[in-house]
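[1] Quick one, what's the 3D model for this:
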Amino acid sequence: MKAIVIGIMPQEKIRARLLAIARGEYTPKPGEPKVWFTSMKSLAEVLSDENRALLRVIMETKPESISALAEATGRKPGNLSRTLKTLSHYGIVEMRREKRQVRPIAKATEFRIVAA
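    Prediction:
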C-alpha cells in the first residue's frame, strides 16, 4: 500500500493554492500532498498513536462493519464512528456502504509529511 503524502501549510496558503489550481494557473506535480493540515498540532490529533493503531486493526482484520470494528478494538461504536468520520474526511479511511452496513477501509497506514 502506498503512503499518503500529507502537507502542512497555513490556511491562507492552502486556499490560494486551491484557487490557483481551479484557475488553471498551477498544476500539482506527482508526489505533492493531496491532504493538507493547517498545523502540526491538528495533524497530530488526527494521526495520533491510537488512530494509527486503529488503522492497523482495520488493515489486519478487514471488519465488515463499524460494530465489528468496535468489537475488535473494544471501543464504543459512537466514539469509533466519529473517529472514522474524521479519518474519512481526510481521505485516510473509506467508508463503504454495503447492504445495510458501513464498512471502514483503511487507505493507508504509512504517511509522508511535507511541511511548507
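[2] Chain neighbours aside, what residue packs nearest to the most centrally placed residue in the chain?
    Centroid-nearest residue in the chain, with C-alpha atoms, centre = their mean: I92, separated by 2.4 Å. In this structure, I92 finds its nearest non-sequential neighbour in K107, 5.7 Å apart by C-beta to C-beta, 6 or more residues apart in numbering. From N, CA and C alone the C-beta is placed, and that goes for glycine too.
[3] Compute the number of surrounding residues for the one you found.
    17 (other C-beta atoms under 10 Å).
[4] same thing with I58?
    22.
[5] Now do the same contact list for it.
    69, 93, 104-106 (C-beta atoms under 8 Å, 6 or more residues apart in numbering).
[6] Could you find the closest non-adjacent residue to K13?
    Nearest one to K13, counting by C-beta to C-beta, 6+ apart, is A116 at 6.9 Å.
[7] Isn't that neighbour up against I6?
    No: counting by C-beta atoms under 8 Å, A116 does not reach I6; the two are 11.1 Å apart.
[8] contacting residues around the closest residue to I8 other than its chain neighbours?
    Closest residue to I8 apart from its sequence neighbours, by C-beta to C-beta, 6+ apart: A115 at 4.5 Å. Going by C-beta under 8 Å, 6+ apart, A115 touches 7-9, 40.
[9] pLDDT wise, what is the residue lying farthest from the centre of the chain at?
    Ranked by distance from the centre of the chain (C-alpha atoms, centre = their mean), the top residue is E25, with 27.4 Å. Note on E25: pLDDT of 95.
[10] Repeat that for E64.
    93.
[11] Count the residues that sit near L87.
    So L87, with other C-beta under 10 Å, has 22 neighbours.
[12] helix, strand or coil for it?
    helix (DSSP: H, G, I helix; E, B strand; the rest coil).
[13] For it, give me its contacts.
    Contacts of L87 by C-beta under 8 Å, 6+ apart are 46, 51, 55, 93.
[14] again, 6 Å this time
    V93 (C-beta atoms under 6 Å, 6 or more residues apart in numbering).
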